[in-house]
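1. return atomic coordinates for the entry below.
(chains A, B, C and D)
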There are 2 protein chains.
Amino acid sequence: MLINELSKRTGLSIHTIRFYEKSGLIAGKREESVKTNKYLHYDEVTVEKLELIHDAKLVGFTIKEIGQLIDAWYNGKCTKKQKLSILEDKLLSLEQKLREIKDMKKLILQFKSDVINDRC
Amino acid sequence: MLINELSKRTGLSIHTIRFYEKSGLIAGKREESVKTNKYLHYDEVTVEKLELIHDAKLVGFTIKEIGQLIDAWYNGKCTKKQKLSILEDKLLSLEQKLREIKDMKKLILQFKSDVINDRC
DNA sequence: TAGAATAGAAGAGTTTACTCTATAGTTGCC
DNA sequence: GGCAACTATAGAGTAAACTCTTCTATTCTA
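-> A predicted model of the protein is given here:
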């Protein structure tokens, strides 16, 4: 599919997709047979990657970190050991985020009960 | 205490503290009796606020959201109803973040087991 | 009382992650 | 064949959250 369809499939703007491509997170392919244009074609794996990018951004991963994740998963760039090390690293940072959010939840629940009981 | 001590107590740079002050999150007080300078003095509550700002940033809240939180909690700016509405709103967004992180954790665990079993 | 350290104000610069604009070539359709 | 719609590339602009620089004034210390 071309970029317009990819944009519609993922809900990401064409600009954003091009930005991710420039950032090395995804890569379209030119059809060798076609000589008249430079149109890039995208496959289903790219749709998957863009969904991963979207979700990973939600949990606070940076473009750089998402790049590592994609390299560890989709691209044959790393050894098994490197892949596991990256994934382990991301798991640890997720655990950390989980703890931070739980702590903040406790704090806000405390705030809330104080407000309810007119303690502030 | 003056800004230098506040910086040391919180681990935040003087620049960052001044940025938060300009953003309306904290406010030092000038001593009325002193006419020769414009030095701002900070109290223990400011230390608490800066710790809250630090923690709230970790869970992804923006300066604006943290401002709301501080208003709801420390400043007498809101009614009880408004305070509860802000706190409820923040709790909901924390629940959402919690779900997103748990989902991402599952995904990465799946990646990991696939790598371990040479399924990619 | 000189000099070093600290405080404040104003504004420029940086990074991240887009978002938009301008330009130019290509394709699809009546 | 003409023109709207689509594609690519390059680069400018934006917003958030700092971070740094410059300048001036004040205070502390030997």
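2. rest of the way, CA atoms for contacts and neighbours
-> Will do.
3. tell me who's in contact with the closest residue to DNA strand C within chain A.
-> Chain A approaches DNA strand C most closely through A:Thr62 (3.1 Å), counting by C-alpha to the nearest atom of the strand. Going by C-alpha atoms under 8 Å, 6 or more residues apart in numbering or on different chains, A:Thr62 touches no other residue.
4. any idea where the strands of chain A begin and end?
-> All strands of chain A, identified by DSSP state E, fall at A:29-30, A:40-41.
5. any chance of these in CSV, with mean pLDDT too?
-> CSV is the format used below for these (pLDDT from 0 to 100):
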stretch, mean pLDDT
strand A:29-30, 96
strand A:40-41, 98
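6. flag every residue of chain A that's near DNA strand C.
-> Applying C-alpha under 7 Å from any atom of the strand, we find that chain A lies next to DNA strand C at A:13, A:15-16, A:19-20, A:34, A:36-37, A:57, A:61-64.
7. which pair in those residues spans the largest distance?
-> Spatial extent of the residues of chain A next to DNA strand C (C-alpha to C-alpha) is set by the pair A:Thr36 and A:Phe61 at 39.0 Å.
8. neighbour count: the two, which is higher?
-> The neighbour comparison of A:Thr36 against A:Phe61 (other C-alpha atoms under 10 Å in any protein chain shown) goes to A:Phe61, with 18 against 6.
9. with adjacent residues omitted, what lies nearest to the spatially most central residue of chain A?
-> Geometric centre of chain A, nearest residue: A:Ile53, 2.0 Å, by C-alpha atoms, centre = their mean. Among residues not flanking A:Ile53 along the chain, A:Ile66 sits closest, at 6.5 Å (C-alpha to C-alpha, 6 or more residues apart in numbering or on different chains).
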